[in-house]
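Undergrad: everything below, folded, please.
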Amino acid sequence: MPDIISKLKNLWKADGRAASITPIEGKAAFRLMYEDLEIGQLTLSDSIWQFSYSEAFKAQGRLKPLIDFPDINKTYQSEELPPFFAHRIPGLGQPKVQKIILKEKIDAHNEAALLKRFGERSITNPFRLLAV
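TA: Numbers count the residues shown, from 1 in each chain. So this is what the prediction gives:
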């Protein structure tokens, strides 16, 4: 019987991204920004993605928490890149994206590398994701 859980986990991934995975080794760090306010930090270490809100975000009262991360005092951990961030990676089947990957020698299977290259801006939300 096929692994149904694995299939369900890949349903939300954009076209051509089902083969991209969290790297086993390596580290990555990103700052999620809205205008000049740091919303929080996304890190990767030992194959675990971690998101937590910044103290500046916790102290402000203008913006609400992200729907995927409702508790501002919690540190969220996952073995998979959370959908809020994964959707910042374009479909790898796009010719323009394939050209960039080849030209810049990006590992198309490494979500951290893809997020670093393509994740700063998204057409789906006003936040910026800055690689640190």
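
Undergrad: from here on, just use CA atoms for contacts and neighbour counts.
TA: OK.

Undergrad: C-terminal to the least confident helix or strand in the chain by mean pLDDT, what's the next element?
TA: Using mean pLDDT, DSSP states H and E, helix 4-10 stands out as the lowest-scoring helix or strand of the chain, at a mean of 44. As assigned by DSSP states H and E, the chain's next helix or strand after helix 4-10 is strand 27-34.

Undergrad: what strands flank that next one, and is each parallel or antiparallel?
TA: Strand pairing for strand 27-34, using DSSP bridges, gives strand 37-45 (antiparallel), strand 128-131 (antiparallel).

Undergrad: distance to Leu63, mean neighbour count and mean pLDDT added to these, as TSV?
TA: TSV is the format used below for these (distance: least, CA to CA, whole Å; neighbours: other CA atoms under 10 Å; pLDDT from 0 to 100):
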stretch	distance to Leu63	mean neighbour count	mean pLDDT
strand 37-45	9	20	98
strand 128-131	15	20	98
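
Undergrad: can you check which of those gets nearest to Asn110?
TA: strand 37-45 (11.8 Å; CA to CA).

Undergrad: and the closest one, how far out from the chain's middle?
TA: Centroid separation between strand 37-45 and its chain, computed with CA atoms, centre = their mean, to the nearest Å, is 10 Å.

Undergrad: so Ser78 touches Asp46, yeah?
TA: No: in this structure Ser78 lies outside contact range of Asp46 using CA atoms under 8 Å: 11.1 Å.

Undergrad: coming back round to it: will you turn the strands paired with strand 27-34 into CSV that also has distance to Pro95?
TA: As requested, these are exported to CSV (distance: least, CA to CA, whole Å):
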stretch, distance to Pro95
strand 37-45, 28
strand 128-131, 24
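
Undergrad: out of those strands, flag the one nearest Leu102.
TA: With CA to CA as the criterion, Leu102 lies closest to strand 128-131 of the strands paired with strand 27-34, at 20.6 Å.

Undergrad: need the contact partners of that closest one.
TA: Residues from elsewhere that reach strand 128-131 (CA atoms under 8 Å, 6 or more residues apart in numbering): 28-34, 116, 119-122.
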